[in-house]
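Participant: Next one to model:
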Amino acid sequence: MNYDPTEIMAVSAARALKDGQVVFAGAGVPIISSLAAQKLHAPSLTILFEVGAVAPIVEIGRIPSSANESRSAYGSVMFPTTTETLLFCQRGFVDVGFLGGAQIDKYGNLNTSIIGKWDHPKVRMPGSGGANDIASCTKFLVVTWHEKMRFVEKVDFITSPGYLQGGNSRDEAGLVGGGPLQVITHLGVLGFDSEGKEMVLKAVHPGVDPEEVRANTGWDLKVAPDLAVTEPPTKEELDLFRRLDPERRFLKVK
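Facilitator: Below you'll find the model as predicted:
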């Protein structure tokens, strides 16, 4: 079955979520991939949205445009304040966070604040929202388009911390127990080595050459010796994603 790069990225992100987990989903592809995982293979997945929604009911074809609108809260079993919801991360109630970002570096630090210098930025972006809380206190997944302007050796600003300067620097900063698990892109899946905490290409999507991934990365990206190839999306997966997002608000091809 034919699929495009955004669809295999979103499907791979959904597959990374497990039944029984509590996931804190950010806006965009994290929302739709979390919902798809719940409907496909993880019926006991509990989804949290920043607006304060705990385990909301989201109808197929009526995906909320952000994690802060009324459709994000429909049918929730709890509706605490945003602050209380973010405290779930600090209290250890969240198994995995799910984020995007405008820039990401080799240690998984995310930037959604500025491009350029702080006092004279080229671009101002929305900022953290709840992303810093999620990244600081949980293990998290990142889903993003893979291009050199996004995958930079050092982000212009750390909005949401990954492994900071690598090695033990995250633990030394007091951010114990969390950090990025995987980075899922339209080209493949990346993880982090256990010692230096540097990003490593773990798998490519079907038809993608690892050199294409390296060419779209702003540093000398490491490639795992046992590099895998991801399974292509099934008809069931693609049918669900296309029903979840019929207007392609999230699954836009760049």
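
Participant: Every contact and neighbour count from this point should use C-alpha atoms.
Facilitator: Noted.

Participant: Quick check: pLDDT value at residue 254.
Facilitator: Looking at residue 254, its pLDDT is 65.

Participant: Helix or strand for residue 97, just tell me which one.
Facilitator: strand 96-99 (DSSP states H and E).

Participant: Indicate each strand paired with that strand and its parallel or antiparallel sense.
Facilitator: Paired strands of strand 96-99, with direction, are strand 22-25 (parallel), strand 139-143 (parallel) (DSSP bridges).

Participant: Now do whichever helix or strand comes after the longest one, average pLDDT.
Facilitator: By that I understand strand 139-143. Where DSSP H and E defines the elements, the next helix or strand beyond strand 139-143 is helix 169-172. Averaging pLDDT along helix 169-172 gives 96.

Participant: Equivalent analysis for stretch 144-161, please.
Facilitator: 96.

Participant: From start to finish, how long is it in a straight line?
Facilitator: Length of stretch 144-161, first residue to last, Cα to Cα, to the nearest Å: 16 Å.

Participant: For residue 85, see how far away the spatially most central residue of the chain is.
Facilitator: By Cα atoms, centre = their mean, the chain has its centre lying nearest to residue 142, at 2.6 Å. Residue 142 sits 20 Å away from residue 85, going by Cα to Cα.

Participant: hang on, the earlier thing: I'd say the residue nearest to the centre of the chain and residue 184 touch.
Facilitator: Yes. Here residue 142 reaches residue 184: they are 6.1 Å apart, a contact under Cα atoms under 8 Å.

Participant: buried stuff in stretch 84-101?
Facilitator: Neighbour-count burial for stretch 84-101, counted by 16 or more other Cα atoms under 10 Å, picks out 85-89, 94-101.

Participant: now swap in stretch 159-168 and tell me
Facilitator: Applying 16+ other Cα under 10 Å to stretch 159-168 flags 159-167 as buried.

Participant: ok, now stretch 69-80?
Facilitator: 71-74, 76, 79.

Participant: thinking again about what came up before, and the buried residues of stretch 159-168 as JSON lines, adding distance to residue 29?
Facilitator: Conversion of the buried residues of stretch 159-168 to JSON lines gives the following (distance: Cα to Cα, whole Å):
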{"residue": "159", "distance to residue 29": "19"}
{"residue": "160", "distance to residue 29": "18"}
{"residue": "161", "distance to residue 29": "20"}
{"residue": "162", "distance to residue 29": "20"}
{"residue": "163", "distance to residue 29": "23"}
{"residue": "164", "distance to residue 29": "25"}
{"residue": "165", "distance to residue 29": "27"}
{"residue": "166", "distance to residue 29": "27"}
{"residue": "167", "distance to residue 29": "30"}
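
Participant: from these, which single one is nearest residue 31?
Facilitator: Among the buried residues of stretch 159-168, residue 160 lies closest to residue 31 (Cα to Cα), at 18.4 Å.

Participant: Any chance you could list what contacts the strand holding residue 97?
Facilitator: Contacting residues not belonging to strand 96-99 are listed as 21-27, 30, 131, 134-135, 138-143 [Cα atoms under 8 Å, 6 or more residues apart in numbering].

Participant: Pull out the CA atoms of it and give them to me as CSV.
Facilitator: As requested, the backbone C-alpha atoms of strand 96-99 are provided in CSV (Å, rounded to 0.1, in the frame of the first residue of the first chain):
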residue,chain,number,x,y,z
VAL,A,96,6.5,8.9,28.5
GLY,A,97,6.2,12.4,27.1
PHE,A,98,5.7,13.0,23.4
LEU,A,99,7.1,16.2,21.9
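
Participant: Give me the packing partners of the longest strand belonging to the chain, helices and strands only.
Facilitator: Longest strand of the chain, by residue count under DSSP state E: strand 222-229. When contacts are defined as 3 or more Cα pairs under 8 Å, 6 or more residues apart in numbering; DSSP states H and E, strand 222-229 sits against strand 199-204.

Participant: Could you pull up phi and psi at residue 39?
Facilitator: phi -80, psi -20 (degrees, to the nearest 10).

Participant: Brilliant, that's me finished.
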